[in-house]
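Colleague: got a sequence here, can you model it:
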Amino acid sequence: MAEPTRITVRAERPYDVLVGHDLLDRLPALLGDDVQRVAVIHPPTLVGLADSVVHLLRGAGYTPVRIDVPDAEAAKTADVAAYCWSVLGLAGFTRSDAVVGLGGGSTTDLAGFVAATWLRGVRLVSVPTSLLGMVDAAVGGKTGINTAEGKNLVGAFYEPAGVLCDLDTLVTVPPADLVGGLAEVVKCGFIADPQILALVEADPDAARTPGSPVLRELVERSVRVKAEVVSADLREATSVGGRVGRELLNYGHTLGHAIERREHYRWRHGEAVSVGLVFVAELARQAGRLDDATAARHAAVLDSLDLPTSYDSRAFGDLVAAMGLDKKTRGSTLRFVILNELASAEILRGPSEDLLRSAYSRIAS
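Modeller: Predicted coordinates for the structure are as follows:
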């Protein structure tokens, strides 16, 4: 088996993201010799894989503790986090023990938050099993849970000891979930690496085929984009003046998160972000910042992957209210990451309601 690609995130505590095949055997090396107990947090859809990980850990001399949590966004609640803390307490977890997040982006978000908050921080290793988790949620040191008021409003910046992106796990991912993850890949193409867009446009089918060399390259390129942005700005502290720091990664997410909340998280994250990307491109175009061709390219690329590019025409008022709770909002001023050209971004502050409504009308179904 070929060696995995190693991508280093040079943040406060540097760590490696490994991308390749047959990587689970590398988990013990990331945990280290000083760890005794290892919590494996996973959704019910991954019982078989969790069994394999538990067997591997036990064979390596660790004491594994399985924690089954709900699937998808249902895992990211205060109640589920409290349940995980209770299990760790009953099992006697100390600061020298560790947490492994095994699953999609929601699971790794939750596991990271649990690791960050238990005893103010224990060792964390993320093993994302979805495309979304590999290219977005598990890389970058953001952890969190949702509240009734919005998505990811409670959380912590907390870096893992390492991330294992085993591409073999994508074979069992439902096709719709895989395609949903491609929205974050496309985002990386627009904000930083246009070669991603070229790869998708050349062969959309290969982009959504597990095991294809194209999909592997898309994952590697997307992880590199995130690693570079996070290495420069872990805590979203450098969006000053015309410069866009880590907020760059939120391109398309302001409206996307609002759609998720309005849909009570029945929409996949990537589906909501896909609509958000088309909206923010149109917002930038109508604000006179982005050319027509690049704005139109957003919908064209996403359409080629069968991702949604429009949303309910009656939802504008609900979405504007929800966007007021977005993490980029300052006071009562909405802020959007927009492009002024391909791979060049800025912050659009306080667009008028007329401009927001006009941009939204172009994506309203």
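
Colleague: any idea how far residue 280 is from the residue lying closest to residue 332 once chain neighbours are set aside?
Modeller: Excluding the flanking residues, the one nearest residue 332 by CB to CB, 6 or more residues apart in numbering is residue 324, at 7.2 Å. From N, CA and C alone the C-beta is placed, and that goes for glycine too. Distance, residue 324 to residue 280, by CB to CB, to the nearest Å: 16 Å.

Colleague: between these two, which one's more packed in?
Modeller: Higher neighbour count among residue 324 and residue 280: residue 280, with 27 against 14, using other CB atoms under 10 Å.

Colleague: host element of the more buried one?
Modeller: For residue 280, the host element (DSSP states H and E) is helix 269-286.

Colleague: could you point out the helix or strand that follows that helix?
Modeller: That would be, after helix 269-286 and using DSSP H and E, helix 292-304.

Colleague: in that following helix, what's buried?
Modeller: By 16 or more other CB atoms under 10 Å, the buried positions in helix 292-304 come out as 294-295, 297-299, 301-302, 304.

Colleague: mean confidence for the helix or strand just after that helix?
Modeller: Later in the chain than helix 292-304, the nearest helix or strand by DSSP H and E is helix 316-323. For helix 316-323, the mean pLDDT works out to 95.

Colleague: and this structure, split by domain according to the record?
Modeller: Annotated domains of the chain cover 5-172, 175-361 [automatic domain parsing].

Colleague: ok, how many other residues are close to residue 288?
Modeller: Residue 288 has 8 nearby residues by other CB under 10 Å.

Colleague: how about it, what does it touch?
Modeller: Contacts for residue 288 (CB atoms under 8 Å, 6 or more residues apart in numbering) come out as none.

Colleague: same check on residue 122?
Modeller: So residue 122 contacts 93, 95-99, 115 (CB under 8 Å, 6+ apart).

Colleague: give me the below-cutoff pLDDT ranges for the stretch 1-150 of the chain.
Modeller: 1 (pLDDT under 70).

Colleague: how about the strands in it?
Modeller: For the stretch 1-150 of the chain, strands defined by DSSP state E, counting those that start in this stretch occupy the ranges 5-9, 15-20, 37-42, 63-68, 98-103, 123-128, 142-147, 150-157.

Colleague: show me where the protein has helices.
Modeller: Using DSSP state H, the helices of the chain run over residues 27-31, 47-59, 78-90, 105-117, 131-132, 175-191, 194-202, 204-207, 213-232, 253-262, 269-286, 292-304, 316-323, 353-361.

Colleague: would you format those as JSON lines with distance to residue 339 included?
Modeller: Output for the helices of the chain, formatted as JSON lines (distance: least, CB to CB, whole Å):
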{"stretch": "helix 27-31", "distance to residue 339": "36"}
{"stretch": "helix 47-59", "distance to residue 339": "38"}
{"stretch": "helix 78-90", "distance to residue 339": "36"}
{"stretch": "helix 105-117", "distance to residue 339": "24"}
{"stretch": "helix 131-132", "distance to residue 339": "22"}
{"stretch": "helix 175-191", "distance to residue 339": "6"}
{"stretch": "helix 194-202", "distance to residue 339": "11"}
{"stretch": "helix 204-207", "distance to residue 339": "21"}
{"stretch": "helix 213-232", "distance to residue 339": "14"}
{"stretch": "helix 253-262", "distance to residue 339": "14"}
{"stretch": "helix 269-286", "distance to residue 339": "6"}
{"stretch": "helix 292-304", "distance to residue 339": "7"}
{"stretch": "helix 316-323", "distance to residue 339": "18"}
{"stretch": "helix 353-361", "distance to residue 339": "14"}
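
Colleague: between those, which one is closest to residue 150.
Modeller: helix 253-262 (5.8 Å; CB to CB).

Colleague: now the angle between strand 150-157 and that closest one, please.
Modeller: Angle of helix 253-262 versus strand 150-157, following axes from the mean of the first three to the mean of the last three CA atoms, to 10 degrees, is 120 degrees.

Colleague: who are the packing partners of helix 253-262?
Modeller: Counting contacts by 3 or more CB pairs under 8 Å, 6 or more residues apart in numbering; DSSP states H and E, helix 253-262 packs against strand 150-157, helix 269-286, helix 316-323, strand 335-341.

Colleague: so can I have TSV of the ones you listed showing distance to residue 349?
Modeller: What follows is those, written out as TSV (distance: least, CB to CB, whole Å):
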stretch	distance to residue 349
strand 150-157	20
helix 269-286	12
helix 316-323	13
strand 335-341	5
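
Colleague: give me whichever of the ones you listed is most buried.
Modeller: Highest mean neighbour count of the helices and strands packed on helix 253-262: helix 269-286, a mean of 26 (counted as mean count of other CB atoms under 10 Å).

Colleague: output the contacting helices and strands for that one.
Modeller: So helix 269-286, by 3+ CB pairs under 8 Å, 6+ apart, packs with helix 175-191, helix 253-262, helix 292-304, strand 335-341, helix 353-361.

Colleague: what is the rounded mean pLDDT of it?
Modeller: 98.

Colleague: pull the residues that contact stretch 209-225.
Modeller: By CB under 8 Å, 6+ apart, stretch 209-225 touches 5, 7, 17, 19, 131, 134-136, 139, 165, 167, 170-171, 173, 178, 182, 184-185, 188, 191-193, 195-196, 199-200, 203, 206-208.

Colleague: for residue 4, grab phi and psi.
Modeller: Per-residue torsions, residue 4: phi -70, psi 160 (degrees, to the nearest 10).

Colleague: now do the residue nearest to it when sequence neighbours are not counted against residue 141, distance only.
Modeller: Spatial nearest neighbour of residue 4, excluding adjacent residues (CB to CB, 6+ apart): residue 20 at 2.9 Å. Shown here: residue 20 relative to residue 141, a distance of 22 Å by CB to CB.
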